[in-house]
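1. make a model of this:
(2 chains)
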Number of protein chains: 2
Amino acid sequence: MKSINRVFAAGGLLALGTTAAHAQTITGFFPDSHARQLVCEARLQELPTAQTFREHLRTITAEPHVAGSEANARVAEYLAGVMERAGWEVERAAYDVYMPDITADIDVGLVTPLRMPLNNQENILAEDRFSDNPTLLPGWNAYSGSGNVTAEVVYANYGRREDFDRLQELGVEIEGKIVIARYGENFRGFKAKFAEANGAAGLIMYSDPANGGYGSGLMYPEGRFMNESTIQRGSVLTLAYSGDPLTPFVPALPVDGDEQVERLDPADVAFHTIPVAPIPWGSAQEILSRMAGASVPSGWQGGLPFRYRVTGGVGLTVRLRVNQPLGLKRATNIVGTIRGTEFPDEWIVLGSHYDAWGYGATDPNGGTAMLLTLAEALGQMKDTGCAPRRTIKIAHWDAEEYGLIASVEWVEQYRDQLMSNAVAYINADGAVTGSNFSSSASPSLRGAIAAATKSVMYPGSDETVYDHWTRGTSDADSPNFGNLGGGSDHVGFYTHAGVPSAGLSMSGQSPLYHSNYDTFSWYERFGDTEFVFGPTLARVDGVLAMRLANADILPYDVVRYATDTKDHVATLERLADSLGLAIDLQRLKDAITGLEDVATEFVAARDTRTQTGGLTPDAARTSSAQLIALERAFLYMDGLQGRPWSRSLYASPDPFSGYASWMLPGLRYEIETESTQGVSTWEAIYIQAIEDLTERIRAATRTLHD
Amino acid sequence: MKSINRVFAAGGLLALGTTAAHAQTITGFFPDSHARQLVCEARLQELPTAQTFREHLRTITAEPHVAGSEANARVAEYLAGVMERAGWEVERAAYDVYMPDITADIDVGLVTPLRMPLNNQENILAEDRFSDNPTLLPGWNAYSGSGNVTAEVVYANYGRREDFDRLQELGVEIEGKIVIARYGENFRGFKAKFAEANGAAGLIMYSDPANGGYGSGLMYPEGRFMNESTIQRGSVLTLAYSGDPLTPFVPALPVDGDEQVERLDPADVAFHTIPVAPIPWGSAQEILSRMAGASVPSGWQGGLPFRYRVTGGVGLTVRLRVNQPLGLKRATNIVGTIRGTEFPDEWIVLGSHYDAWGYGATDPNGGTAMLLTLAEALGQMKDTGCAPRRTIKIAHWDAEEYGLIASVEWVEQYRDQLMSNAVAYINADGAVTGSNFSSSASPSLRGAIAAATKSVMYPGSDETVYDHWTRGTSDADSPNFGNLGGGSDHVGFYTHAGVPSAGLSMSGQSPLYHSNYDTFSWYERFGDTEFVFGPTLARVDGVLAMRLANADILPYDVVRYATDTKDHVATLERLADSLGLAIDLQRLKDAITGLEDVATEFVAARDTRTQTGGLTPDAARTSSAQLIALERAFLYMDGLQGRPWSRSLYASPDPFSGYASWMLPGLRYEIETESTQGVSTWEAIYIQAIEDLTERIRAATRTLHD
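-> A predicted model of the protein is given here:
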C-alpha cells in the first residue's frame, strides 16, 4: 500500500501542474477521462523496478531454452505463473508444428590438402559462468537440408542476390560446390535459397570479424563483440508464408485435440535440400586462407588477415555433413489477458517470443522480462482503480526463432477476432539491449508512440525518453521511425491480419545475437547494465497500452496514412527513375491528396469532440470499430505477388532479402521487376485501397459529428 | 630515313582529311603554321616505341639509386649520354645540399614483455630477381632525428592533426611515448611534426594492410599489393620552404665553385629532433597486437586481425634507435636543351626526378624513361625540319625524394629567367604506372592538355586518349583535372616562380611506392606490362610541348582563370559556412566576373587573329611576353602566411597535411583559422591580383588587335 500512496501523490502533483498537463494533453480523451488517465499513468510509472526486471531476466535465462526443449517448457511455466499471480487470465495456446529435432548433428572440416575437423561451438570462458553449460548446442541452422557432401568451395560474400549475380558475371562455376558466405546484409535463409538455386552442393555461413568482431570493437569477454569462436545460429526457412510450414492460413492445432486441421505433406513444402551450417571465423579462416583463386571484387573483402578469393581451387576440398530430422513438435504460447471493463472485445496485444537459440538474454528475453515487469504493474493497477476499459493481452510466443511459428499460428487461429477487434500489436522481441529508444511502426501508431515517450523520463536524467530519442535529429518534431520489415512476430499481425503494429525497444549493439554468449553474464556487463532500460521501456509500453485501452476515441494518427504514403510513392518514383523505368503514379498521388484532406477533417472533428466530450457507449463502440477497420483498407485478400499469405498493401518484408522492409510492396515488386504493365495494374489496386480508406475515415468522421 | 618517309605519308593523310583537320584546329596557330604543325605532330607520334621505352627503363632501374649514391650518379650519366646522343645540349647542374648519409643505421624492437628485434627490410623473393641486391637498404626516413629511446606506445591512427586532437580529447598522454601511426592520408613529415609537437619521444610509421595490402588486393609477388614485409620509405622534412634546407631562396651552388652562397647553420633549421623510422606491418603487428589499452575510436581500426587500441600500457615497451648523420652532398640535375629557332628565350620545360628510394621503377623512372624516349624523338625531329620555334628543355632532377631538392635549387638559380620567359613546366614524376590518363594542372594549361589528348590514340584501341580519359565522366566536354598540390618538382616552378605547370601521367595503382619492391620485375607484371603507356604519354607530352613551342599565339586557356577561380571561391564559401564563419566575398566575385569578360574578349581576338594570321616577330614576342606574364599576377612576393617562399596566390600544398592542394591558399588559411579580419585583408590581396590579371589580359588583347 505504501507504494500506491506514493503513486497517488505523484499523480496529484501532475494534475496540479496544469500548464504542463495542458501541453501534454493526450489525444482521444474527454476532459473527465483525461484526468483519470494521467493519474493512472503516473501510478503505473512508479511500479516497474530494476530489481524485478533483473530477477525475471535472470530466471528466464538460467538455462539454454531453444524451442522444443524441456528447458523452454520450464520458461513457459515461469511466465504463466508470474502472469497468473499478477492477476492475468492465462491461456496456454498449444500447436503441433513441423520443427527440427534438437540434435545439431553436424560436421564441417577440411578434407584436402589436409584433414582438419573445424570447431563449431563457442569456447568456454572463465569470465562467463554460463559458457560451459553441457546442454549448449553447437552451431546449427534450423531447416537445413540433410546430407553429406565433400566439394571445392566458392566464396559468395554476403550471399545476396547481387553477389550471386556477380559470381555469374565473373564466370564462377557454383554447380556442385560448397558456397561459403558471410553473415550480414540479408536474411540468412536467402543465402541458402540463392546458393541452392545456383546449384551449390552445400552452404557454410560464418561471422566475419569485419561484421561485429574486432572490426567493430573489443571481443568477448573483454568487450561486447564477437570473438573467433562466436557462432550465429538461426533458421533458414524461406517459404512464401510465415508460421508452421505445414499449415499456411490455418492454425496448427494439436493433433490430440478436438479440432483437426489439414497438414501439408512435407514433401510438398519448398524446404531447402542442401546442407547448411554456421561456423565461427576461427574455423572459416582455415578454409578461406587456403583458397587459391582470383582476388575478390571490391567490397567483398572481410576482416581476416589475407586477401579473400572467389574460388578455392581443386586442391581445397571441404566436407559438410548435416543430419537434421524434422517432425511435429509442440509449441506453446503463453497469452495473458486483462479483460476490458467497458469494451472487452477490443484488444491491445503486446508480445515477445520467449524461445532462444541459447540463453537468449538479449534475444529475446530482455523483452520478455520487460513484459513480465509490465504485466505485474498492470495487474496491480487493475485491482486499484485503474483497470483498462479495453482488453489488454500480453503474449509470450514460442518458436519464433524457427520462423515466427507460434505467433503466426495464434494469429491464424484468432484471425477473425483480430481483424475485427484488434486495436494494435506492440512487439518486444529483443527489446531491451541498451540505452537508445527506437521504434518501427505502422503510420497510425506513430503519433501515440511519440506521445508516450514524452511522458516517460529517461533514466538518470532530467529529460524525457522523447528528448533523448530526438536529440541530434534534424527536426525534434519528427522523430525517426523505422518501417516494419520481416524477422519478428509483428509479421502475422501486420502483414497477414492488418492490425496496426509497432516494435518499441531500448537498443544497444548486441553482436552476440544467436550465439551461446548471449547470456546474463554478457547482459550485466554490456546490455542493460543497471537494469534501468527494461523498466523504462515497460513504462513507455505501459503508457502506450493504457492510452490505447482507455481512450474515448482511438488516438490513431490518421493523417500519417496520407503523408507517409506520399513519401513512399516518391521513393518508388525515384527507384523507377534509377532503373530507367517510365511510370506515372499521378492518379495514385491525387487519391492520396484526397485522403489527406479527409484525414485532416477527421482530426479536427476528433479535437472538437474531445473538448466537448460525450459519446454514448454505442457511438463509442461504433467509432472504435470504424477506426480499427481503417488499417484493413490496406489488406488485399488475394495477397501480394507470389505470396498470397502476405496481404498488407502497405508494408512487407523484402521478398529478395527477407529482413528489410518494402513499402507499398505490390507496386514495388512490379517496379523492381521492371514491369510497366504491372505498375498500372497495381496502381489501380492501390488507388482502390486509398479510396476505401478515405471512405472509412469519412464514415468515422461522421460518427464524431453525430 | 625509312621511318621518316612513313611519317610524311601519315602527315599527308592527315592534311587531306580536311574535315577532321578542321575539327581538330589547334589553338594559336595561323593557317600556314597550322599545316606544318600537324605534319610535325604526326611525325613525332611515329617515333616513340615500346622497345626504346622498355630498354631505357630497364637500364635506369638496374640498380637501387638513392640520391647521393654512386649508382645514382651512374644513372645521371646514362641520362646525359642518351640526351647528348639525341642532339640535346646537356647541362649538369650541380648543387651541394644538406642531406643524410646513406647508412640506415636503425633498430626497432620490443623490449618488454619480451625482447624482440623487428624486421625492417623487405623479404627476398624468388619471383623478383631484384629483391636480393646487397645494396638495398632497410626502411628509413630521411631527416629523422637521431636518438635512442625506449618507451611505451600510443597508436595515433594516420597521425593527422585531427588524430592527435582526438587523442587529446581522449585524455591520452603522448609526452615521452613512442607514437605508432599508419601511413596514408597526409604527408608523412606531418606525422613526425605533430608527434614531436605533442611531446612524443619517437615515431614509428608502418604500412597497414588495410591501406594497399591485402585489404586492397593480392599481395606481391602474387599480386601488385604490399606484402607483410613491404616498407614505405620517405623524407619527413617539413620546412616552410622546399629544396635544400640550408639555402632557402638561393641556389645551393657547389662549395668548390666560383660563386659562393650563404648557408644557414643547421642548428637554426627546424629539423625534427625525435627519431622516426618506418616498419612493415609484419613487424608493426608484434607491437599492435600486444597493446592493452582502450579500443580505438571509429575509423581508426586497420586491417590486422585484432582490435586496435589507443595505448599499449606499462607492460609494453619499444625501443627505437636512429643514427642519421647529415652533411653537404652533391646533387646533380641533368638538363637538356633544344634551342628554339625563333624565340630561344622562351622556354617550355619538361621534367622528372631520377633519384629513387630503391630501384624506382614506378617512382619515378617510368616517367624518366618516357622523357628519354620523348627526348630522342624531339632530337630526331629537329634535324628533319621540325625544330621547335621556342626552346624546349627536358630536365632530370636529383634528390627529389629528400624534399624536391635539386629542382628547387635550379628554379632558384634561374628564377629571373623562368619568371620572365617560362611558358610552362610539365612534370612527369612517376608518370607511367598504368592505363589511365590523368592530369593535375594550373588553369591556363588545361585547354592545351585536353587538346593534346584528343590528338593521340589510346593504345590498342580506336579511341583517343581523350575519349578513354573522359569515358564515364558526367560531361565529356569537361574532363577531370586535379589541382596542383605538394610532393613533386612542379612545386618550385609553380608556387615559387609562378610558371604555369602541370603533371600528366598514365596511372595505375602502385602501392609498392618507396619500397624495395618497386622494381622492373614488378613493373613488367603489374605496371606498363606491354610498355605501351610510356610511349603514349611521350606522344601526349610531345604534342603538348610542340604546340606550346610552335604556336603563333600561346594557347593558354585564359577564360579558365576566371571560371576555375569562381569555383574555388564557391568552395571557400562553403568551407566558411561549414565552420559557421560569416564572410562576404562579393567584391572578389565581382572582380572575377570582370576578369571573365575580358578573358572572353581575348579569346575572341585570338580566334579572329589566328584566322587572319600575321604577327610581326616583334608583335609575336610582345604577345608571348604578355601572355607568359599572366600567371605572375598570382605571385605574391611577400609569400603566404608563415611561408614566404610559397608565393602563388592560386594554389599551394595544404600547410597542415602537405600533399593535398589548397586553392586560393591565402584566403583559405584565414578561413581555416577562422579569422574574419584576415579574410578581409586577404580578399583585398586577391582582388588586386585578379584586377592585375585582368589588366594584363586586356593588354594582351590590345596587342592582337594592333
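2. need the distance between the two termini of stretch A:609-621.
-> Using Cα to Cα, to the nearest Å, one end of stretch A:609-621 lies 15 Å from the other.
3. and for it, what's in contact with it?
-> Contacts of stretch A:609-621 with the rest of the structure, by Cβ atoms under 8 Å, 6 or more residues apart in numbering or on different chains, involve A:27-32, A:342-343, A:552-553, A:623, A:703-704, A:706. No exception for glycine: its C-beta is placed from N, CA and C like everyone else's.
4. what helix or strand is the residue nearest to A:Ala156 when sequence neighbours are not counted on?
-> Counting by Cβ to Cβ, 6 or more residues apart in numbering or on different chains, A:Ala156 lies nearest to A:Ala181, which is 4.5 Å off, once chain neighbours are set aside. Under the criterion of DSSP states H and E, A:Ala181 resides in strand A:178-182.
5. how about the helix or strand following that strand: buried residues?
-> Next along the chain after strand A:178-182, taking DSSP H and E as the criterion, comes helix A:188-197. By 16 or more other Cβ atoms under 10 Å in any protein chain shown, the buried positions in helix A:188-197 come out as A:188-196.
6. spit out the contact partners of the residue nearest to A:Ala156.
-> Per Cβ under 8 Å, 6+ apart, neighbours of A:Ala181: A:155-159, A:163, A:191, A:195, A:203-206.
7. go on, A:Tyr214?
-> Contacts here follow Cβ under 8 Å, 6+ apart; on that basis A:Tyr214 touches A:225, A:303, B:301, B:305-307.
8. what about stretch A:303-318, how long is it end to end?
-> 22 Å.
9. same question but for stretch A:522-533, I mixed them up
-> 16 Å.
10. now swap in stretch A:492-502 and tell me
-> Using Cα to Cα, one end of stretch A:492-502 lies 12 Å from the other.
11. if we can go back for a sec, for the buried residues of helix A:188-197, which one is nearest B:Glu409?
-> A:Lys191 (62.2 Å; Cβ to Cβ).
12. from A:Tyr659, how far out is A:Lys191?
-> 12 Å (Cβ to Cβ, to the nearest Å).
13. and A:Asn227, which of the three is it?
-> The three-state label given to A:Asn227 by DSSP: H, G, I helix; E, B strand; the rest coil is coil.
14. so is the residue most central in space within chain A in a helix, a strand, or just coil?
-> Residue closest to the average C-alpha location in chain A (Cα atoms, centre = their mean): A:Ser488, at 3.0 Å. Counting by three-state DSSP, the backbone at A:Ser488 sits in coil.
15. that one contacts A:Glu401, correct?
-> No. Using Cβ atoms under 8 Å, A:Ser488 makes no contact with A:Glu401, being 10.2 Å away.
16. shared neighbours of these two, anything?
-> A:His353.
17. now do the contacts for the residue lying closest to A:Arg129 once chain neighbours are set aside.
-> Once flanking residues are discounted, A:Arg129 sits nearest to A:Ser521: 6.0 Å by Cβ to Cβ, 6+ apart. A:Ser521 makes contact with A:127-131 under the criterion Cβ under 8 Å, 6+ apart.
18. next one: whichever residue of the stretch 101-250 of chain A sits closest to chain B from A:Leu125, what distance?
-> When scored by Cβ to the nearest Cβ, the stretch 101-250 of chain A has A:Tyr214 as its residue closest to chain B, at 4.1 Å. For A:Tyr214, the distance to A:Leu125 equals 16 Å [Cβ to Cβ].
19. check A:Tyr517 too.
-> Noted for A:Tyr517: a distance of 8 Å to A:Leu125, by Cβ to Cβ.
20. neighbour count: those two, which is higher?
-> Using other Cβ atoms under 10 Å in any protein chain shown as the criterion, A:Tyr517 and A:Leu125 rank with A:Tyr517 on top: 27 against 17.
21. for the residue nearest to A:Ala156, report the pLDDT, please.
-> On the pLDDT scale, A:Ala181 is placed at 98.
22. bridged to it, which residues?
-> When bridges are called by DSSP bridges, A:Ala181 pairs up with A:Met205.
23. and the helices in the stretch 601-706 of chain A?
-> A:617-628, A:665-672, A:676-705 (DSSP state H, counting those that start in this stretch).
24. quick check: mean pLDDT of the second one?
-> Per-residue pLDDT over helix A:665-672 has a mean of 96.
25. again with the last one
-> Per-region confidence: helix A:676-705 scores 96 on mean pLDDT.
26. and it, how far out from the chain's middle?
-> Centroid displacement of helix A:676-705 relative to its chain, using Cα atoms, centre = their mean, to the nearest Å, is 27 Å.
27. stretch A:170-185 now?
-> Distance, centroid of stretch A:170-185 to centroid of chain: 28 Å (Cα atoms, centre = their mean).
28. likewise for stretch A:658-668?
-> That offset, for stretch A:658-668, works out to 15 Å (Cα atoms, centre = their mean).
29. can you point out the buried residues in that stretch?
-> For stretch A:658-668, by 16+ other Cβ under 10 Å, it's A:658-659, A:661-668.
30. and stretch A:671-682, end to end?
-> Start-to-end, stretch A:671-682 (Cα to Cα) is 10 Å.
31. for the stretch 551-700 of chain A, give the residue positioned nearest to chain B.
-> A:Ser578 (15.7 Å).
32. distance check, that residue against A:Gln641.
-> Taken as Cβ to Cβ, the span from A:Ser578 to A:Gln641 is 21 Å.
33. do the same with A:Ser455
-> To A:Gln641, A:Ser455 is 42 Å away according to Cβ to Cβ.
34. the two: which has the busier surroundings?
-> Per other Cβ under 10 Å, whichever of A:Ser455 and A:Gln641 has more neighbours is A:Ser455, with 21 against 17.
35. chain neighbours aside, what residue packs nearest to that one?
-> Closest residue to A:Ser455 apart from its sequence neighbours, by Cβ to Cβ, 6+ apart: A:Val543 at 5.4 Å.
36. name the helix or strand for that neighbour, please.
-> Secondary structure assignment for A:Val543, by DSSP H and E: helix A:533-550.
37. by contact count, what packs against that helix?
-> Under the contact definition 3 or more Cβ pairs under 8 Å, 6 or more residues apart in numbering or on different chains; DSSP states H and E, helix A:533-550 sits against helix A:31-46, helix A:50-60, strand A:343-353, helix A:366-382, strand A:390-397, strand A:422-427, helix A:443-454, strand A:501-507.
38. export the ones you listed as a markdown table, with columns for distance to chain B and mean pLDDT.
-> Shown next, in a markdown table, are the helices and strands packed on helix A:533-550 (distance: least, Cβ to the nearest Cβ, whole Å; pLDDT from 0 to 100):
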| stretch | distance to chain B | mean pLDDT |
| --- | --- | --- |
| helix A:31-46 | 36 | 94 |
| helix A:50-60 | 26 | 98 |
| strand A:343-353 | 31 | 97 |
| helix A:366-382 | 24 | 97 |
| strand A:390-397 | 36 | 98 |
| strand A:422-427 | 30 | 98 |
| helix A:443-454 | 27 | 97 |
| strand A:501-507 | 18 | 98 |
